[in-house]
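Novice: sequence first, then the predicted structure:
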Amino acid sequence: MAFRSFRNFVDELDRAGELVRVRQGADTDLVLAEWANREMKSPGGGKALLFENPLIDGADSRFPVAINTMGSRKRIAMALGVDDVADLAQEIQLILKAKPPTDLREGFALLKQGIHLLHARPKHVRDAPCQEVVSFFDPHQTSLRDLPVLKCWPKDGGRFITLPNVHTRDPESRARNVGMYRMQIYDDRTTGMHWQVHKVGARHGKTYYDRDEPMSVAVTLGGDPAYTFAATAPLPDGLDEILFAGFLRRRSVEMVKCRTVELEVPADVDFVLEGFVQPGEMRPEGPFGDHTGFYTNVEDYPVFHLKAITHRRDAIYPATIVGPPPMEDFYLGDASVRILLPVFRMNFPEIVDMTLPPEGVFHNLVFVSIRKQYAYQAFKVMHGLWGMGQMMFSKYIVVVDEDCDVHNTSDVLFRLCANTDPARDTTLIRNPSDSLDHAPTEQNIGSHMGIDATRKLPGENYHRQWPELLQMDERVQRLVDSLRGSAGAR
Ligand SMILES: Cc1cc2nc3c(=O)[nH]c(=O)nc-3n(C[C@H](O)[C@H](O)[C@H](O)COP(=O)(O)O)c2cc1C
């Protein structure tokens, strides 16, 4: 199901009992973030919060703030219009496996799929809710000062836009990209642009810098939550986030031309910040309380200059905070892995399941289960994953057998401790590291470790008989289930 607006999604959360409306004034300077942090740390991700009266420097904001709107398994599924994100993985699996239909039922399934894919193509419109109010910054118009942008942690270098969808185009191929890169507010017309060196925005930027041309950038906030999800998803390079969002919401994304830059944005978003990045201009950004749970130090990043702000009259400002896990971003990352699992499986058919547990804050820890057939297969999977897009950052990859539930960290640690001889079952490699990882000696490069916690096969330098894992008979299990049931035990 597609949402007509971010407000429409927030109302839906409210109807489902997933939203708390906060009517009292709450300061955007730390107070709102602390409130949201406690909610995100509640069991299962707590509720979404709509701050109806946020305060900016003690004064009322013109716009409410919604936070933690996708911070649970249920809410991320609602954001993507499904009961469970596994449904989307199944659809992707269907597309990847599509063969000519052999009967009418298969024919209909493929036809339905084809229609969904047609819906993925964006449409172009002239009138857009996101341009109801247009500001070119005369003193009475909207500027960055009017947005309820959060300061998240006490030692942050200022206020940061934390859920921006940054739209750019490659000047040569004209390929579009939408990525989520935080933006530090410098003044009412300029911000930082925190695209890290490995990200597509930075690659587009470099091409503009090489040509010595200013780079048009449009930043959108809000709209259908599918856009925000698509901007964060580590899609295979070249897969257009707007097409992907159209596929997710089963409805074409309506795109409108920006007023001052040669870019198009979804017509139903809440805010659009139009502007440019000037080749070579860098400015200190940070510190910022980051996903890692630590402050990221001040570093130089490009500067975004605003030319216009357009917005809906009834806009809601979307925000999140990051910090020590678990936070809302875990559910975004978790949904990405679950939805893109069929793509991983296409490359590595032995993969049964995979997860990035919250303690690893995305890339620090990956658990993969495989159906193992031959010696050193676990190592082949690790090396393959290290070569795939943003999986290159994975600091520890633990491979287990298919009968281990990777979503049960305790089960994975049990296998890891029981099944490994560290010298034999680990491998250390050199690879690019996540820019935010503070542990490597040099930024952006480091070592990564793979651990093979599967049972050992002949040829894997194990010269004894591998023992059998304890398991109760199924018949006895069923019997005890029914005995306990009649004894009233749960
Ligand atoms: C809440 C949130 C904030 C993020 N902030 C940044 C950021 O400031 N810089 C960055 O490079 N990546 C950031 N990311 C990760 C990127 O959005 C993610 O790697 C995305 O896939 C990048 O898109 P790209 O491959 O099109 O560059 C953030 C992710 C989330 C969920």
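Specialist: That came through, no problem.
Novice: so what's residue 378 up against?
Specialist: 370, 372, 399, 450, 452, 453, 454 (Cβ atoms under 8 Å, 6 or more residues apart in numbering). Yep, even glycine has a C-beta here, placed from its N, CA and C like the rest.
Novice: what's the closest of those residues to residue 252?
Specialist: Of all these, residue 252 sits closest to residue 370, with 38.2 Å by Cβ to Cβ.
Novice: which bits of the stretch 201-350 of the chain sit near the ligand?
Specialist: Contact residues (Cβ under 6 Å from any ligand atom) of the stretch 201-350 of the chain with the ligand: 201, 232, 233, 234, 320, 322, 329, 332.
Novice: so which of those are in helices?
Specialist: Among these, the ones falling in helices (DSSP state H) are 201, 232, 329, 332.
Novice: need the nearest residue in space to the last one, chain neighbours excluded.
Specialist: Translated: residue 332. Distances taken as Cβ to Cβ, 6 or more residues apart in numbering put residue 232 closest to residue 332, at 5.0 Å, once the chain neighbours are dropped.
Novice: just to revisit the earlier point, return the subset of the contacts of residue 378 lying in helices.
Specialist: Filtering the contacts of residue 378 for helices - DSSP H - leaves nothing at all.
Novice: how about those, which pair is most distant?
Specialist: Applying Cβ to Cβ across these, the maximum distance is between 372 and 450, 14.3 Å.
Novice: can you name the residue of the stretch 1-150 of the chain nearest to the ligand?
Specialist: The minimum distance from the stretch 1-150 of the chain to the ligand, using Cβ to the nearest ligand atom, falls at residue 70 (9.4 Å).
Novice: quick check: pLDDT value at that residue.
Specialist: With respect to pLDDT, residue 70 scores 98.
Novice: burial count for it?
Specialist: 28 (other Cβ atoms under 10 Å).
Novice: what residues of stretch 236-248 count as buried?
Specialist: Neighbour-count burial for stretch 236-248 flags 240, 241, 242, 243, 244, 245, 246, 247, 248 (criterion: 16 or more other Cβ atoms under 10 Å).
Novice: following the helix or strand of the chain with the lowest mean pLDDT, which helix or strand shows up next?
Specialist: Least confident helix or strand of the chain, by mean pLDDT, DSSP states H and E, is helix 104-120 with a mean of 64. Going down the chain from helix 104-120, the next helix or strand is strand 123-124, by DSSP states H and E.
Novice: other SSEs contacting that next one?
Specialist: strand 254-257 (3 or more Cβ pairs under 8 Å, 6 or more residues apart in numbering; DSSP states H and E).
Novice: what pairs with the very next helix or strand once past the strand it packs on, parallel or antiparallel?
Specialist: Using DSSP H and E, the helix or strand that follows strand 254-257 in sequence is strand 264-266. Strand 264-266 pairs in its sheet with strand 254-257 (antiparallel), by DSSP bridges.
Novice: quick one: the strand it pairs with to chain centroid distance?
Specialist: From the chain centre to the centre of strand 254-257 is a distance of 24 Å (Cα atoms, centre = their mean, to the nearest Å).
Novice: alpha carbons of that strand, in CSV - could you do that?
Specialist: Extracted in CSV, the C-alpha atoms of strand 254-257 (Å, rounded to 0.1, in the frame of the first residue of the first chain):
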residue,chain,number,x,y,z
GLU,A,254,5.1,10.9,-8.9
MET,A,255,8.1,13.1,-9.6
VAL,A,256,8.1,16.9,-9.9
LYS,A,257,10.8,19.2,-11.2
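Novice: mean confidence for that strand?
Specialist: The predicted model assigns strand 254-257 a mean pLDDT of 98.
Novice: for this protein, what spans make up the helices?
Specialist: In the chain, the helices defined using DSSP H lie at 6-15, 31-40, 73-79, 86-96, 104-120, 200-211, 225-232, 241-249, 328-347, 377-386, 409-419, 422-425, 474-486.
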